[in-house]
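In: Here you go, sequence then predicted model.
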Amino acid sequence: MPTLHPLISIIVPVYNAEKYIGNCIDSILKQINVGFECILVDDGSKDASGKICDEYAEKDSRIKCIHHVNGGEIAARATGIRQTKGEFLYFVDADDAILPDTLCSMLPFMKEDVDIVIFESDKNCIYSKDEYVQALLGFQHWVVWGKLYRRTLFDEYVMDVSRYFKVGGDFLTSLKTTKNIKGSIVCKPEKKYLYNTTNTQSVQVGHQRDYEYEKRMVYEVDGILQNIKVSKEAEHALFKWKMIYLGGMIGLRYKINYEDDWIVSLLKEAKQWPLALKERITISAAHNPLARLVLISEKVLKSYVRRLIR
């Protein structure tokens, strides 16, 4: 089969996905009008996933299967990235699928001055690097799937995300890529990625978080942004992200140490920004049990409403 250029490397981390991986690979093989390689990284699966991947690799030269000692999804992606030959990268989770025209629809937007093309967006826009940082801190575009990346964005620093962050690893990876961004980021509302909402074994569904986990996430984000020169607007976005994080922890009744340095610094920083009502309540909650009750009640009400509309 002739190779079309530019080549896109599709990376699929696989762990115990025997029910879904066949459908995922089939959707990749149906891609039209684009050259690609598909790298399947079996992350020490205990079911038949590895065998299924091997069978596909034997039948199609575009597929490569790597068997990886279990290290988590982030490490599996990194292993796959190191084996890529393509100019661009695209990530698919093993329990998901993509439409046949996904890659050929994204590629025309990848101009010389563009580093990332994002589909599945709620808006049609072009971000600068700094605006993209602000969007990520605003809880937008934080997943790695549904994006076409330049391979040059992924160096060892970007791929080095601790397995500890079972939830939030995509967000940290996305933030880290901004260090290497030189061009713009194109966002389009086209829906091409078929996200599986039925997999109850998903890490996102089963992982339990607590205050120590969230605190470590805050420190990790701070460390990443210290390596990136950002605007005053991005600094404000980071402040608001931390306020939302703290308010969420209070609402979930985590055992919070309000003397921790990140909270003390956050409360001091609050004096330099205009504050929304909820931010004022969050600040008050550090010293006022009644304000904490307001945030807890809000969280309970939201959870109840979500159950009602399911």
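Out: Here it is on my side, so go on. Computed from a predicted model, the values in this text were never measured in an experiment.
In: Following the chain onward from the helix or strand of the chain with the lowest mean pLDDT, which element is next?
Out: Using mean pLDDT, DSSP states H and E, the weakest-scoring helix or strand in the chain turns out to be helix 203-206, at a mean of 44. Later in the chain than helix 203-206, the nearest helix or strand by DSSP states H and E is helix 211-225.
In: Can you spell out which helices and strands pack onto that following helix?
Out: Helix 211-225 sits against helix 169-177, helix 232-251, helix 261-269, with contacts defined as 3 or more Cβ pairs under 8 Å, 6 or more residues apart in numbering; DSSP states H and E. For the C-beta atoms, the positions are set from N, CA and C on the backbone; glycine is no exception.
In: Please give me every residue in contact with residue 54.
Out: residue 65 (Cβ atoms under 8 Å, 6 or more residues apart in numbering).
In: circling back: go through the helices and strands packed on helix 211-225 and name the closest to residue 41.
Out: Nearest to residue 41, of all those, is helix 169-177, at 14.8 Å by Cβ to Cβ.
In: Residue 185 touches residue 121, doesn't it?
Out: No. Between residue 185 and residue 121 there is no contact under Cβ atoms under 8 Å: 10.0 Å.
In: When the two are compared, which one has more neighbours?
Out: Per other Cβ atoms under 10 Å, whichever of residue 185 and residue 121 has more neighbours is residue 185, with 24 against 20.
In: circling back to that earlier point, dump the helices and strands packed on helix 211-225 into a markdown table; add mean pLDDT, distance to residue 58 and mean neighbour count as well.
Out: Below are the helices and strands packed on helix 211-225 laid out as a markdown table (pLDDT from 0 to 100; distance: least, Cβ to Cβ, whole Å; neighbours: other Cβ atoms under 10 Å):
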| stretch | mean pLDDT | distance to residue 58 | mean neighbour count |
| --- | --- | --- | --- |
| helix 169-177 | 95 | 31 | 22 |
| helix 232-251 | 95 | 46 | 19 |
| helix 261-269 | 96 | 51 | 14 |
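In: Could you dump those helices into a markdown table with distance to residue 137 added?
Out: Output for the helices and strands packed on helix 211-225, formatted as a markdown table (distance: least, Cβ to Cβ, whole Å):
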| stretch | distance to residue 137 |
| --- | --- |
| helix 169-177 | 8 |
| helix 232-251 | 4 |
| helix 261-269 | 14 |
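In: which stretches of the chain form strands?
Out: Along the chain, the stretches classed as strands by DSSP state E are 8-14, 36-42, 63-67, 88-91, 97-98, 114-118, 125-127, 147-150, 184-187, 193-194.
In: tell me the average confidence for the fourth one?
Out: Mean pLDDT, computed over strand 88-91, is 98.
In: which regions of the stretch 101-250 of the chain sit below the pLDDT cut-off?
Out: For the stretch 101-250 of the chain, the stretches with pLDDT under 70 are 200-208.
In: if you set the cut-off to 50 instead, what comes out?
Out: By pLDDT under 50, the low-scoring segments of the stretch 101-250 of the chain are 202-207.
In: closest to residue 19 out of the helices and strands packed on helix 211-225?
Out: Of the helices and strands packed on helix 211-225, the one closest to residue 19 (Cβ to Cβ) turns out to be helix 169-177, at 22.2 Å.
In: Return the list of helices and strands in contact with the closest one.
Out: Looks like helix 169-177 contacts helix 73-82, helix 129-137, helix 156-159, helix 211-225 (3+ Cβ pairs under 8 Å, 6+ apart).
In: what about the closest residue in space to residue 142 that isn't next to it in sequence, distance to residue 89?
Out: Nearest non-adjacent residue to residue 142, counting by Cβ to Cβ, 6 or more residues apart in numbering: residue 171, 4.1 Å away. Residue 171 sits 17 Å away from residue 89, going by Cβ to Cβ, to the nearest Å.
In: same question, residue 52
Out: 23 Å.
In: More neighbours: these two, which one.
Out: Taking neighbours as other Cβ under 10 Å, residue 52 and residue 89 compare with residue 89 leading, 24 against 20.
In: what's near enough to touch residue 76?
Out: Residue 76 makes contacts with 13, 14, 15, 41, 43, 68, as judged by Cβ under 8 Å, 6+ apart.
In: Buried subset of those residues as a PyMOL selection?
Out: Restricted to buried positions by 16 or more other Cβ atoms under 10 Å, the PyMOL selection for these reads:
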select buried, resi 13+14+15+41+43+68
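In: Quickly name whichever of the contacts of residue 76 is closest to residue 271.
Out: Proximity of those to residue 271 (Cβ to Cβ) peaks at residue 13, which lies at 43.7 Å.
In: Is that closest one bridged to anything, and to what?
Out: residue 41 (DSSP bridges).
In: Quick one, grab the pLDDT at it.
Out: 96.
In: My read is that it contacts residue 45, right?
Out: No. Counting by Cβ under 8 Å, residue 13 does not reach residue 45; the two are 10.4 Å apart.
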